[in-house]
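Visitor: What follows is a predicted protein model with its sequence.
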Amino acid sequence: MARALLVIDVQVDFCEGGALACEGGAAVASRISNYLRESKSNYDYVIASRDWHTPNDRNSGHFPEPGIAPDYVKTWPLHCIAETAGAEYHPNLDAELIDLHIKKGQGANGYSIFDGVTDSNETFAQLVARLEIASVDVVGIATDYCVRASSVDAKSQGLNVRVITSLTAGVSASSTEAAIDEMVDAGVLVVPTA
Ligand code: VGL
């Protein structure tokens, strides 16, 4: 059975200067690159996701109605619009070290990597089954949204799941704390470092 590192949404818009910046995002991107240089051989696959929202569309309520402010809980400023600079991997993430790429959130909230597909339209769940992935370590942005949703889904799909918190950044401290409790309750192993 295989082991994978899931690198969630380390994108320009989720880091400092981006449309939905998470504090520490750019530093997390650098730390993930360093971690990969040291530890890539511990994984059979490195799989990265990107939020890839549909332009000129509310993406199933992920973006507020025009003229309404986002609440930063269920609605968000426009971010990670497909094919735009904000949707690219952050430059501090060494994308050469990624084996497989997943896009999610096309017309949808897409918080979980399980909502995503490869460029050949294989679902993430199909990919996990085909590659016989049994264990995943999860890193990336945001701890309290896409890392949480992806980890909890992976656990509910029967995988062994660890989240490495020093390689994550969150939207807010309070929701990150709540997300860690939720992940632990779901049976995810939450560890500070690998
Ligand atoms: C995310 C909020 C809104 C994430 C995406 O990648 O965690 N958070 N959309």
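Guide: Sure thing, it's come through.
Visitor: Please determine how far the residue of the chain most remote from its centre is located from the ligand.
Guide: Largest separation from the mean C-alpha position in the chain: Gly67, at 28.0 Å (Cα atoms, centre = their mean). In this view, Gly67 and the ligand are 20 Å apart by Cβ to the nearest ligand atom, to the nearest Å. C-beta: built from backbone N, CA, C; applies to glycine.
Visitor: pLDDT at that residue, what is it?
Guide: pLDDT, Gly67: 95.
Visitor: for it, what are its contacts?
Guide: Counting by Cβ atoms under 8 Å, 6 or more residues apart in numbering, Gly67 makes contact with nothing.
Visitor: tell me which element it is part of?
Guide: In the assignment (DSSP states H and E), Gly67 maps to no helix and no strand.
Visitor: And Ile32, by the same measure?
Guide: helix 25-39.
Visitor: Can I get that helix in CSV? Just the C-alpha atoms.
Guide: Coordinates of each C-alpha in helix 25-39 appear next as CSV, following Å, rounded to 0.1, in the frame of the first residue of the first chain:
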residue,chain,number,x,y,z
GLY,A,25,1.2,31.3,4.1
ALA,A,26,4.3,32.3,2.1
ALA,A,27,6.6,30.9,4.9
VAL,A,28,4.6,27.7,5.0
ALA,A,29,5.2,27.4,1.2
SER,A,30,8.9,27.7,1.8
ARG,A,31,8.9,25.2,4.6
ILE,A,32,6.9,22.7,2.5
SER,A,33,9.5,23.0,-0.2
ASN,A,34,12.3,22.3,2.3
TYR,A,35,10.4,19.4,3.8
LEU,A,36,10.0,17.9,0.3
ARG,A,37,13.7,18.3,-0.5
GLU,A,38,14.5,16.4,2.7
SER,A,39,11.6,13.9,2.8
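Visitor: residue contacts, His53?
Guide: Taking Cβ under 8 Å, 6+ apart, one finds 59, 62-63, 78-82, 87, 105-107, 110 in contact with His53.
Visitor: and those as a markdown table, adding secondary structure, neighbour count and distance to Ala142?
Guide: Formatted as a markdown table, the contacts of His53 follow (DSSP: H, G, I helix; E, B strand; the rest coil; neighbours: other Cβ atoms under 10 Å; distance: Cβ to Cβ, whole Å):
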| residue | secondary structure | neighbour count | distance to Ala142 |
| --- | --- | --- | --- |
| Asn59 | coil | 22 | 16 |
| His62 | coil | 23 | 14 |
| Phe63 | coil | 20 | 16 |
| Leu78 | coil | 19 | 16 |
| His79 | coil | 23 | 11 |
| Cys80 | coil | 27 | 12 |
| Ile81 | strand | 21 | 17 |
| Ala82 | coil | 15 | 19 |
| Ala87 | helix | 22 | 15 |
| Gly105 | coil | 27 | 13 |
| Gln106 | coil | 16 | 19 |
| Gly107 | coil | 14 | 20 |
| Gly110 | coil | 25 | 13 |
